[in-house]
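Participant: Everything below, folded, please.
(one chain, ligands or ions: 1)
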Amino acid sequence: MLSSNTTAANAVEFHSVTRQFGDSTHPVTALADVSFAIPRGSVFGVLGESGAGKSTLLRMMNGLDHPTEGRVLVGGTDLATLTQKQLNRMRHKIGVVFQAFNLVGNLTVTQNVALPLKLQKLKDPQKVEDMINFVGLGHRAGHYPAQLSGGEKQRVAIARALVTSPLLLLCDEPTSALDTHTTGEILDLLRSTRDRFGTTIVLVTHELDAVKAICDQAAIFETGHLKDIVSVNASHAESSQTYLDHVRTVLGE
Ligand SMILES: Nc1ncnc2c1ncn2[C@@H]1O[C@H](COP(=O)(O)OP(=O)(O)OP(=O)(O)O)[C@@H](O)[C@H]1O
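Facilitator: Numbering: from 1, shown residues only. Predicted structure coming up:
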């Protein structure tokens, strides 16, 4: 299990994974014979156009969906060997961050961040406070989501995902709803998360800039097929540049 087998070299392994939907007359192949590994402590990008299979891939890492063929290992454990109870426990060690933030509107920042602990009947006010401070929102702890900017909402979502000390953080288009400057700040925060806590991060995105800014490797998918895995050699300092610098870089000045 992810929490017990902390020595596995790879946080995630896909072995010849195929996922088909539909019936035999109208099959839809979301993933076709996909194999790859994500080293522990790395930031791994998943790139692909709409329908490439990215969401299906994330759902499998989270144990919410299962291969039609092949095996998915998380923290060295084949998810197919787990009982539902074990799977639920493992999922507590996987954080998820979404494009739409998915905060609870009538809860404060502190209450939102404490939610995953509450769902496990746990309490750890110090950890909640630490995570809120880590994402730079100590001054907003009593605010409600409607009082926050998009970037601040995503910071809350990241603090909430980190409060259970996940070994794996799955980020599904986490910056797609944000402007360029705020995107840079959120990517910096994700990189700090990896550096500070050693969290393995999977970043699903269609934004090449985001992959270039923080990923060690990126897998490129096309209609369910893994086309390539590239090592990202970008200078990771680039994401810390100012908005103006970024505009100049992109516009080629
Ligand atoms: N529950 C399902 N039932 C039937 N087909 C599905 C189901 N889930 C996904 N698919 C199909 O599998 C393929 C991959 O879908 P998936 O959502 O994983 O792609 P994606 O890369 O995440 O796309 P997007 O960027 O639009 O979210 C698509 O053709 C999709 O229609």
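Participant: longest single helix anywhere in this structure?
Facilitator: Taking DSSP state H as the criterion, the chain has its longest helix at helix 180-197.
Participant: How far does it sit from its chain's centre?
Facilitator: Its chain's average C-alpha position is 12 Å from that of helix 180-197, according to C-alpha atoms, centre = their mean, to the nearest Å.
Participant: Name the residues of the chain found near the ligand, please.
Facilitator: 21-22, 28, 30, 48, 50-56 (C-beta under 6 Å from any ligand atom). Placement of C-beta: from N, CA and C, glycine included.
Participant: returning to what we had before: got the buried residues for the longest helix of the chain?
Facilitator: 182-187, 189-191, 193-194 (16 or more other C-beta atoms under 10 Å).
Participant: Packing partners of it?
Facilitator: strand 43-48, helix 150-162, strand 168-172, strand 200-205, helix 208-214, helix 243-251 (3 or more C-beta pairs under 8 Å, 6 or more residues apart in numbering; DSSP states H and E).
Participant: where does the stretch 101-250 of the chain have low pLDDT?
Facilitator: Residue ranges of the stretch 101-250 of the chain with pLDDT under 70: 234-250.
Participant: In it, what residue comes closest to the ligand?
Facilitator: Nearest residue of the stretch 101-250 of the chain to the ligand: Gly224, at 6.4 Å (C-beta to the nearest ligand atom).
Participant: Let me know whether that residue touches Glu49 as I believe.
Facilitator: No - under the criterion of C-beta atoms under 8 Å, Gly224 is not in contact with Glu49, lying 11.5 Å apart.
Participant: what about these two, which has more around it?
Facilitator: Gly224 (21 against 10; other C-beta atoms under 10 Å).
Participant: The more buried one: what's it in contact with?
Facilitator: Going by C-beta atoms under 8 Å, 6 or more residues apart in numbering, Gly224 touches 19, 29-32, 34, 52-53.
Participant: how far does stretch 166-175 stretch from start to finish?
Facilitator: 20 Å (C-alpha to C-alpha, to the nearest Å).
Participant: now the helices and strands packed on helix 180-197 as JSON lines including mean neighbour count?
Facilitator: Below are the helices and strands packed on helix 180-197 laid out as JSON lines (neighbours: other C-beta atoms under 10 Å):
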{"stretch": "strand 43-48", "mean neighbour count": "25"}
{"stretch": "helix 150-162", "mean neighbour count": "24"}
{"stretch": "strand 168-172", "mean neighbour count": "24"}
{"stretch": "strand 200-205", "mean neighbour count": "25"}
{"stretch": "helix 208-214", "mean neighbour count": "21"}
{"stretch": "helix 243-251", "mean neighbour count": "12"}
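Participant: will you turn these into a markdown table that also has distance to Val230?
Facilitator: Converted to a markdown table, those look like this (distance: least, C-beta to C-beta, whole Å):
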| stretch | distance to Val230 |
| --- | --- |
| strand 43-48 | 9 |
| helix 150-162 | 26 |
| strand 168-172 | 19 |
| strand 200-205 | 14 |
| helix 208-214 | 9 |
| helix 243-251 | 20 |
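Participant: A helix includes Ser165, no?
Facilitator: No - under DSSP: H, G, I helix; E, B strand; the rest coil, Ser165 falls outside any helix and is assigned coil.
Participant: Now it: closest residue in space that isn't a chain neighbour?
Facilitator: The spatially closest residue to Ser165, leaving aside those adjacent along the chain, is Phe197, at 7.2 Å (C-beta to C-beta, 6 or more residues apart in numbering).
Participant: gap between that neighbour and Val163?
Facilitator: Distance of Phe197 to Val163, computed by C-beta to C-beta, to the nearest Å: 11 Å.
Participant: same question, His92
Facilitator: 11 Å.
Participant: Please say which of the two ends up with more neighbours.
Facilitator: Using other C-beta under 10 Å, the more surrounded residue of His92 and Val163 is Val163, with 23 against 17.
Participant: Thanks again, I'm all set now.
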